Structures are given as structure tokens and as C-alpha cells.
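> let's see this in three dimensions:
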Amino acid sequence: MSGYLPFVLCSILMAGAAPAAIGCAFHALELSLDRMYPGSFSLAVALRRAADNGVIEAPALAAPSKGSANYADTQHQLQSFKKVLAASPAAGELPASFSLGYVESQLWARYSRSDGNIRVDIHTDGPAAGESVVLTGEPVLMQVLAGKLSVDRAVADGMLLIDGNEREKIAISNVLKTVSMTGRRGR
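Residues are numbered from 1 along each chain as shown. All right, here's what the predicted structure looks like:
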């Protein structure tokens, strides 16, 4: 029965799904994983599997409640990620912009690079047409940044999706690997 648990949990999350335009889980009552981004449902299942196997912490996958303090924490982490990206020796490889989406909250943030600076806009409507995408769960990104989870393993296990043209996918992956290696050395 436990093998069916991820599917049951995702089905419950999808029941009575609201349109994607309503927003993220921090500000909406219902979520629609199938409308967030192609592959988001499969990614949610992979996140649940990773939590069940102890790769990531299960409580971190809980969809946030409306108005929770977690939103402030998430904003802080997304701002910190901007600083980590900017400090990466591979930052110059990044595309002009890419969107990062967290499956568990359906929160989108856009990272833009201009004149050597990185900017983040939090709580966007999702990726712009033709924009590269990083889709994952917040605990996965935190594990990667801490050097506790490799980018290659996260991608192979379906917990991290990098989408876009081939050059941009490679650039984003390289930057994530660079910051992950920095996290490993800092331990």
C-alpha cells in the first residue's frame, strides 16, 4: 500500500484544482499540479519518493498554509539563491533570465542577469514564453546548495527539471553544479 501513497497524496492535492492564475499555495486555497508546468506532477511524485527514502525532509514538502511565516523564509532563501548565483564563477554563462518554480507551493521566481548583476522577482506568473525553467522542490534546491545532493542525482531521480534550449540547460546545470561543489567544500 505504501507504494501507492505518492499517487494518493498527489491525487488529493489535485482534487478540485483551481486555475493556475489564482497563484501559489502561499496565497491560494487550492493547487493544480498538472497546470503548473509540464512534468510538475511527475516531479511531485519524485519529491514524495525522495522524502519517503530520507533523501529530503518530508515536512518541507507540505504545501504552505495561506499567510504562513514560511513565505518569508522562502523569500529569504530565494534572495540568498540570487547571491549564490551571482557569486558563482560560472554566473556569466546563465541565460538572460530563467524561472524557478517550486512544485510544492507552485511559487515562481524569475532570475535575470544584466550587466553582471543578478536580479530576482519573486511571485511571478511563471516562465515567460521561451524562457528556461528550473522546476524542483524547495528542499531539493536547499540540499543542492548545501552540497548534500548532487545536481546529477536530483535530475536523474526526477527531483529537478531544467528545461530550455540545450545551451541554457547546460549553463544552468553548470552553475548549479558549481554552487553545489562550493557547498560541499564549505562543510
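> quick one: strands adjacent to the longest strand seen in the chain?
If you go by DSSP state E, the chain has its longest strand at strand 107-114. Sheet pairing for strand 107-114, assigned by DSSP bridges, gives strand 97-102 (antiparallel), strand 117-122 (antiparallel).
> residue 139: which of these is closest?
Smallest distance to residue 139 across the strands paired with strand 107-114 (CB to CB): 9.5 Å, for strand 97-102. Backbone N, C-alpha and C define where each C-beta goes, glycine included.
> other residues contacting that closest one?
By CB atoms under 8 Å, 6 or more residues apart in numbering, the residues outside strand 97-102 that reach it are 24, 36-37, 40, 74, 78, 81, 107-113, 124, 126-128, 131-138, 141, 164, 168, 172.
> do the same with stretch 149-167
By CB under 8 Å, 6+ apart, stretch 149-167 touches 37-39, 42-43, 45-47, 49-50, 55-56, 95, 98, 131-137, 140-141, 143-144, 169, 172-173, 176-177, 180.
> ditto for stretch 117-124
With contact meaning CB under 8 Å, 6+ apart, stretch 117-124 is reached by 23-24, 27, 75, 78-79, 81-82, 85-86, 91, 94, 99, 107-113.
> now, of those, which are buried?
Using 16 or more other CB atoms under 10 Å as the burial test, the contacts of stretch 117-124 include 23-24, 75, 78, 81-82, 85-86, 91, 94, 99, 107-113 as buried.
> ok, the residue nearest the centre of the chain to residue 116 distance?
Nearest residue to the geometric centre of the chain (CA atoms, centre = their mean): residue 136, 3.2 Å. According to CB to CB, to the nearest Å, residue 136 stands 26 Å off from residue 116.
> any idea which helix is longest in the protein?
Secondary structure of the chain read by DSSP state H shows that its longest helix is helix 166-185.
> now that helix against strand 107-114, angle please.
100 degrees (axes from the mean of the first three to the mean of the last three CA atoms, to 10 degrees).
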